[in-house]
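> dropping a prediction and its sequence here:
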Amino acid sequence: MSTAATALKAIPQPKQGRIPIDVPMLLGIAIALAATVGGIAASGVRLTYFLQPTGLCIVLGGTVGVIFITTPRMNLALTARRFLDLFRLAETNREALMEEIVTFAKLTRSRGVIAIEPAIQRVQNGFLKESLMLCLDETDKNQLRAALEIKIRLRERQGETDAKVLEVAGGFAPTIGVIGTVVGLIEVLRNFSDLSSVAGGIGAAFVSTIYGLGLANLILLPAAHRIRARVAETFEIHEMITEGVVCVSEGLHPSLVRDRLSSFLRGKNEA
């Protein structure tokens, strides 16, 4: 069997199956909720006391309204999709990705860059597939690198925009909770003549503040930080792919390609 055929066979077939769930993400949510509920239970206050429909309506409705006000229409769907993607495991095996790129380098080295075209459809990584397709059309390595870097910057900017949407909402949520508290206090003052219910009414009014703080600090702000962490990880992966595809376009020796890409492997350069 020829070297090119062996290299082509080494490219993995796309796998079909269930979408992997980000278990640490779900575990973090479970721990945060359990700690909050456990703390409330330990205080001796009944959990049903914190079920205040008025405050919940004001905080959730107000926060969603703020998101719609501060976010352009086209970005709303992108932000919602990225938020839901946080529950999906998005880890990339960098070593396997490196070997896949090296396989394309072997094909290019033995038969020219046009030889990679039949194998591109078998590539699982979306950015790698786009980059290899662009490699077929753009022969100048500087132009190829520039085009790929533009794609990387735009995706990084979109990720920062999505994180900012949640961060802004997290900044407003506590204040909206205070609005719910003020509404509750107004209701208490309306019934001030019934002193026996004043204390309980004040406590119920401050539940709105808890809603706002909980929504901001347990959901929105952590999600924004999580998005930024995902964007940083994706940025490194895309840089690795860019370097590899440029090497493929140049027709460099596979050993040299592997040496360049090994610098992107975590733990390999620590010494």
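Received the coordinates, thanks.
> residue ranges of the helices in this protein, please?
Residue ranges of the helices in the chain, as given by DSSP state H, are 3-10, 23-42, 53-70, 73-85, 94-111, 117-120, 126-137, 141-190, 195-205, 207-215, 221-250, 254-261.
> so which of the ones you listed is the most packed in?
helix 207-215 (a mean of 22; mean count of other C-beta atoms under 10 Å). From N, CA and C alone the C-beta is placed, and that goes for glycine too.
> what angle separates that one from helix 221-250?
For helix 207-215 against helix 221-250, the angle by axes from the mean of the first three to the mean of the last three C-alpha atoms, to 10 degrees is 20 degrees.
> how far does helix 207-215 sit from the chain's center?
25 Å (C-alpha atoms, centre = their mean, to the nearest Å).
> just stretch 52-65 next, same as before
Relative to the centre of its chain, stretch 52-65 is centred 26 Å away, using C-alpha atoms, centre = their mean.
> okay, now the unreliable bits of the protein?
Across the chain, the ranges flagged by pLDDT under 70 are 1-19, 192-201, 203, 267-271.
> rerun at 50
1, 4, 269-271 (pLDDT under 50).
> contacts only, for the residue nearest in space to the middle of it.
Nearest to the mean C-alpha position of the chain, counting by C-alpha atoms, centre = their mean, stands residue 227 at 3.6 Å. Listed by C-beta atoms under 8 Å, 6 or more residues apart in numbering, the contact partners of residue 227 are 82-83, 86, 159, 162-163, 166.
> so how far is residue 156 from it?
Noted for residue 227: a distance of 11 Å to residue 156, by C-beta to C-beta, to the nearest Å.
> cool, residue 254 as well?
In terms of C-beta to C-beta, residue 254 sits 29 Å off from residue 156.
> do residue 88 as well
Residue 88 sits at a distance of 20 Å from residue 156 (criterion: C-beta to C-beta).
> again, but for residue 123
Residue 123 is 22 Å from residue 156, by C-beta to C-beta.
> residue 164 touches residue 224, doesn't it?
Yes. Taking C-beta atoms under 8 Å as the definition, residue 164 is a contact partner of residue 224 at 7.4 Å.
> let me know the closest of the contacts of residue 227 to residue 105.
Distance to residue 105, by C-beta to C-beta, is smallest for residue 159 among the contacts of residue 227, at 29.1 Å.
> my guess is that closest one contacts residue 238. True?
No. With contacts counted by C-beta under 8 Å, residue 159 stays clear of residue 238, the gap being 11.1 Å.
> contacting residues around residue 67?
Taking C-beta under 8 Å, 6+ apart, we find residue 67 in contact with 76, 79, 165, 168-169.
> any idea how far residue 141 is from it?
Relative to residue 141, residue 67 is positioned 43 Å away (C-beta to C-beta).
> can you name the residues that contact residue 184?
So residue 184 contacts 52, 54-55, 201-202, 204-208 (C-beta under 8 Å, 6+ apart).
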